[in-house]
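# Okay, sequence plus prediction incoming.
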Amino acid sequence: MAKPKIGIFAIQGDFEKHYEVFDGLGAEVFYVKLPEEFEGIDGLVLPGGESPTMSRLINTYGLREAFEGLKKRDVPVFGTCAGAILLAKNVIDAPENFSLGMMDITIARNAYGRQRESFESEIEINWNGKQKKITGVFIRAPKILELGDGVEVIGKLENGDPVLVRQGNLLASTFHPELTDDFTVPEIFMEIVEAFKEKG
Amino acid sequence: MIMLTGTWRLKVGFSEMLKGGVIMDVTTPEQAKIAEEAGAVAVMALERVPADIRKEGGVARMADPEIILRIMDAVSIPVMAKVRIGHFAEAQILEELGVDFIDESEVLTPADEENHIDKHQFKVPFVCGARNLGEALRRIAEGAALIRTKGEAGTGNIVEAVRHMRRINKEIADLTVKRPEELYAEAKKLQAPYELVKWVAEHGKLPVPNFAAGGIATPADAALMMQLGAESVFVGSGIFKSEDPAKRARAIVEAVAYYDNPSVLARVSRGLGEPMKGIDVSKLAEDELLQNRGW
C-alpha cells in the first residue's frame, strides 16, 4: 500500500515539529497553505500556535471552503492545542466564524493560565482497550468543557480533564505530543488515517 | 496531580508555537487590539517604540507595570515585555505580573555591562538578540529559549538584520563541515560553550528557534527575513509609526505566512500608505548603534 499522504497545515505554529513526527512514522508529509493544496490528502494536521492568527488567515484565504471539502469526504483531521480550538464547534468568548466547527466540543482558550502556568503532567491514554501513561506538554493550553454525542475521551489528566478526544475521523489534543519523543498519539492518528485510506 | 512548570521543554516549546508569526510592538491597549485583530501571534508591551527611544534619548527602562497589565487585559494572545540587559529585578517584576515572554533587550539602556541575566532562574522564557553565532550561543547558555537578530532597532532599515541573519547562518554552516577535534578550537573562537557548539555542528541549526528583528518596516522586509531563514519576525516601530497601522499589520502577517509566494506578497504590498521614514544606519555614529549593547 502506498504511504498515506499527511498534510501539515503550515500557515503558523509548530508545523515543523509535526512534519518531523509524521515523516518519522513513514507518511508522505507535505505542508498545506492554500486551498488547492488540500486535494488528495489522506489526513491533515492542525498544529499548535495562535488560533486567532490561524483563524484570520483561514477566513482571508478561502480556506474555510477547503476544510468543508475535507469534512464532506470525512478526511481525518488531527488538531493539537490551537488546532483543537479550530476544530471545536464552540469556543468560549470567540467572535463569529472563529473556529471551523467540525467537532462537537466546547473549548475554552488559555484555560490553565498564562505561560508561567504552562505545565507538564502525566496523561492516561485508553485506546482500543489498551492503557498507557504518557507525558503531556501543556502550553497556554485550552480546556475541553463539554463533549457532544459521539465524542469519545481517549486521554485524560489525573484530575479527570479530557485532553485527547475523538469523534469519528477527528482527533483533538489540548497538549503537544509533537514536543515529546513518544509517538503514541500520532500513531493513533495514523491508525485512523490508514483505516480511512483502506475504505477508499 | 504532579505538574512541572518552567521546564526547558515548555520554554522552547512555546517559542515553537510562535513560528511563522509576527510579534508587534505596542504602547497602548488600543494598539494591542489592532495587532491581535491583524493576526499578530504576540505583542510586545512598551512605553515607547524604539524609534521614539532613539529620538528622545535618556535612560530607557522596563515599561510601567500599569501599561503592561492594561495591555495583558486587552488581548488574548501572548504578551511580551522588555527588560534592560542584566536587570534581573525588572525581570522578576515582569514574571510576577504574568508576562508570557521576557525580552532582555539592547533597545533599553543596559543595567550591567558585564553580565546578562541568569535566565535559568525564571519560569518565564526569555528572548535575546544576537549579531553572530557566538553571541547567540552565549545567550542560550544563560537560558534564552529564543534568539532574534539584533538588527538596528528603530531605524526602519533592514540592512543590519540581514547582516546578522546571514552571519549566523554562515557561521552555523561553517561548523557543520568541521572535524570533531576542530570544534574545541571553534568553541574558543566563538567564545561559546563547547557542548552547544558541538550540538550546532551536528544539527546544522540553533537549539532554539531563530527569529528576525530590528528594522523590519514592510511586508517585503518580513518576507526577505523569512526567506533568509528567520522563523518569525518582530516588528517594532514599523507598524505604529506608519500611516495606516492596521492595514500594514495585516499585510505583514500575510507576508510572513506566505513568505515564499510572490503573488501574495505583491498583492499585500499594494496601497499601504507611507511606511515609517527610516534612517540610513551608515550615517549613525558608533555610540548611537543599539546593536553594540550586550556582548
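Received the coordinates, thanks.
# all helices in the stretch 101-250 of chain B, in order from the N-terminus.
B:133-141, B:159-176, B:183-190, B:194-203, B:219-227, B:237-240, B:245-257 (DSSP state H, counting those that start in this stretch).
# Identify each buried residue in the first one, please.
Neighbour-count burial for helix B:133-141 flags B:133-140 (criterion: 16 or more other Cβ atoms under 10 Å in any protein chain shown). Backbone N, C-alpha and C define where each C-beta goes, glycine included.
# for the residues you listed, which one is nearest chain A?
For those, the closest approach to chain A (Cβ to the nearest Cβ) belongs to B:Ile140, at 17.9 Å.
# mind checking pLDDT for that closest one?
At B:Ile140, the pLDDT value in this model is 98.
# And B:Arg270, how close does it get to B:Val264?
Here the criterion is Cβ to Cβ, to the nearest Å. By it, B:Arg270 lies 11 Å from B:Val264.
# If you could redo that for B:Phe101, that was the one I meant.
B:Phe101 is 28 Å from B:Val264, by Cβ to Cβ.
# Looking at the two, which has the bigger crowd around it?
B:Phe101 (23 against 20; other Cβ atoms under 10 Å in any protein chain shown).
# Who are the contact partners of that one?
A:115, B:14, B:42, B:78-80, B:124-127, B:146 (Cβ atoms under 8 Å, 6 or more residues apart in numbering or on different chains).
# Kindly recompute the last result at 10 Å.
Taking Cβ atoms under 10 Å, 6 or more residues apart in numbering or on different chains as the criterion, B:Phe101 is in contact with A:115, B:11, B:14-15, B:18, B:23, B:42, B:44, B:78-81, B:94, B:124-127, B:145-146.
# and what of B:Arg293?
B:84-85, B:105-110, B:113, B:129, B:150.
# Could you pick out the buried ones from the residues you listed?
Buried, going by 16+ other Cβ under 10 Å: B:84-85, B:105-110, B:129, B:150, out of the contacts of B:Arg293.
# my guess is A:Ala84 is in a strand, correct?
No - counting by DSSP: H, G, I helix; E, B strand; the rest coil, A:Ala84 is located in no strand; its state is helix.
# Spatially, what comes nearest to it if we skip its sequence neighbours?
Nearest residue to A:Ala84, sequence neighbours excluded (Cβ to Cβ, 6 or more residues apart in numbering or on different chains): A:Ala172, at 3.8 Å.
# Where does B:Leu265 fall, secondary structure wise?
Using DSSP states H and E, B:Leu265 maps to helix B:262-268.
# before we move on, what about A:Phe189?
Under the criterion of DSSP H and E, A:Phe189 resides in helix A:184-199.
# hey, what's in contact with both of B:Arg270 and B:Val264?
Both B:Arg270 and B:Val264 are contacted by B:219, B:251, under the criterion Cβ under 10 Å, 6+ apart.
# Just the buried positions in the helix or strand of chain B with the lowest mean pLDDT, please.
Taking mean pLDDT, DSSP states H and E as the measure, the helix or strand of chain B with the lowest value is helix B:50-56, at a mean of 89. Within helix B:50-56, the residues that count as buried by 16+ other Cβ under 10 Å are B:50-54.
# These into TSV, with extra columns for distance to chain A?
Listed next are the buried residues of helix B:50-56 as TSV, based on distance: Cβ to the nearest Cβ, whole Å:
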residue	distance to chain A
B:Pro50	23
B:Ala51	25
B:Asp52	27
B:Ile53	26
B:Arg54	29
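# number of nearby residues for the closest residue to A:Phe183 other than its chain neighbours?
Distances taken as Cβ to Cβ, 6+ apart place A:Leu25 nearest to A:Phe183, at 6.5 Å, with adjacent residues excluded. Using other Cβ under 10 Å, the number of residues around A:Leu25 comes to 17.
# how close does A:Leu25 sit to A:Val32?
A:Leu25 is 18 Å from A:Val32, by Cβ to Cβ.
# Give me the contact list for stretch B:168-179.
B:130-137, B:147, B:149, B:182-183, B:185-187, B:189-190, B:197-206, B:210, B:228-230.
# mind running it again at 7 Å?
Contacts with stretch B:168-179, where a contact means Cβ atoms under 7 Å, 6 or more residues apart in numbering or on different chains, come from B:130, B:132-133, B:136, B:186, B:197, B:200-201, B:204-205, B:210, B:229.
# now swap in stretch B:254-261 and tell me
With Cβ under 7 Å, 6+ apart as the criterion, stretch B:254-261 contacts A:11-12, A:33, A:57, B:20-22, B:219, B:222-223, B:226-227, B:232-233, B:264-265, B:268.
# For chain A, which segments are assigned as strands?
Shown for chain A, the strands assigned by DSSP state E span residues A:5-9, A:28-32, A:43-46, A:77-80, A:88-91, A:103-108, A:119-127, A:130-138, A:143-147, A:152-157, A:162-167, A:170-173.
# Need the winner for burial among those.
strand A:77-80 (a mean of 29; mean count of other Cβ atoms under 10 Å in any protein chain shown).
# what sits against residue 98?
Just so you know, I chose chain A. Neighbours of A:Phe98 in contact, by Cβ under 7 Å, 6+ apart: A:55, A:91.
# look at chain B instead
B:Gly98 sits next to A:114, A:116, B:72 when contact means Cβ under 7 Å, 6+ apart.
# Of those - the most surrounded one?
Ranking the contacts of B:Gly98 using other Cβ under 10 Å puts B:Met72 first, with 22 neighbours.
# Do I have it right that that one meets B:Ala81?
No - if you go by Cβ atoms under 7 Å, B:Met72 and B:Ala81 don't touch, sitting 9.2 Å apart.
# Please name the bridge partners of the spatially most central residue of chain A.
Closest to where the C-alpha atoms of chain A average out (Cα atoms, centre = their mean) is A:Gly79, at 1.1 Å. Assessed by DSSP bridges, A:Gly79 has beta-bridge partners A:Leu46, A:Ala172.
# Now do it against chain B, distance only.
Separation of A:Gly79 from chain B (Cβ to the nearest Cβ, to the nearest Å) stands at 14 Å.
# surely that residue meets A:Leu87?
Yes - using Cβ under 7 Å, A:Gly79 is in contact with A:Leu87, at 4.2 Å.
# Now the common contact residues for these two.
Contact with both A:Gly79 and A:Leu87 is made by residues A:46, A:172, according to Cβ under 7 Å, 6+ apart.
# measure B:Ser237 to B:Thr155 for me?
Distance of B:Ser237 to B:Thr155, computed by Cβ to Cβ: 8 Å.
# Of those two, give the one with the bigger neighbour count.
The neighbour comparison of B:Ser237 against B:Thr155 (other Cβ under 10 Å) goes to B:Thr155, with 30 against 26.
# Report the contact partners of that one.
Residues near B:Thr155 by Cβ under 7 Å, 6+ apart: B:215, B:278-279, B:281.
# got the phi/psi numbers for A:Asp74?
Per-residue torsions, A:Asp74: phi 60, psi 30 (degrees, to the nearest 10).
# centre of the chain versus the helix holding B:Leu265, how much separation?
Centroid separation between helix B:262-268 and its chain, computed with Cα atoms, centre = their mean, to the nearest Å, is 25 Å.
# That one - what's its average pLDDT?
Helix B:262-268 comes out at a mean pLDDT of 98.
# Could you list every helix and strand in contact with it?
helix B:219-227, helix B:245-257 (3 or more Cβ pairs under 7 Å, 6 or more residues apart in numbering or on different chains; DSSP states H and E).
# Neighbours of the residue in the stretch 151-295 of chain B that chain A sits nearest to, how many?
Chain A sits closest to B:Ala257 of the stretch 151-295 of chain B, with a gap of 4.9 Å, by Cβ to the nearest Cβ. Neighbours of B:Ala257 under the rule other Cβ under 10 Å: 26.
# Determine if any part of stretch B:141-154 is in contact with chain A.
No - Stretch B:141-154 lies apart from chain A when judged by Cβ under 7 Å from any Cβ of the partner chain; the minimum separation is 10.3 Å.
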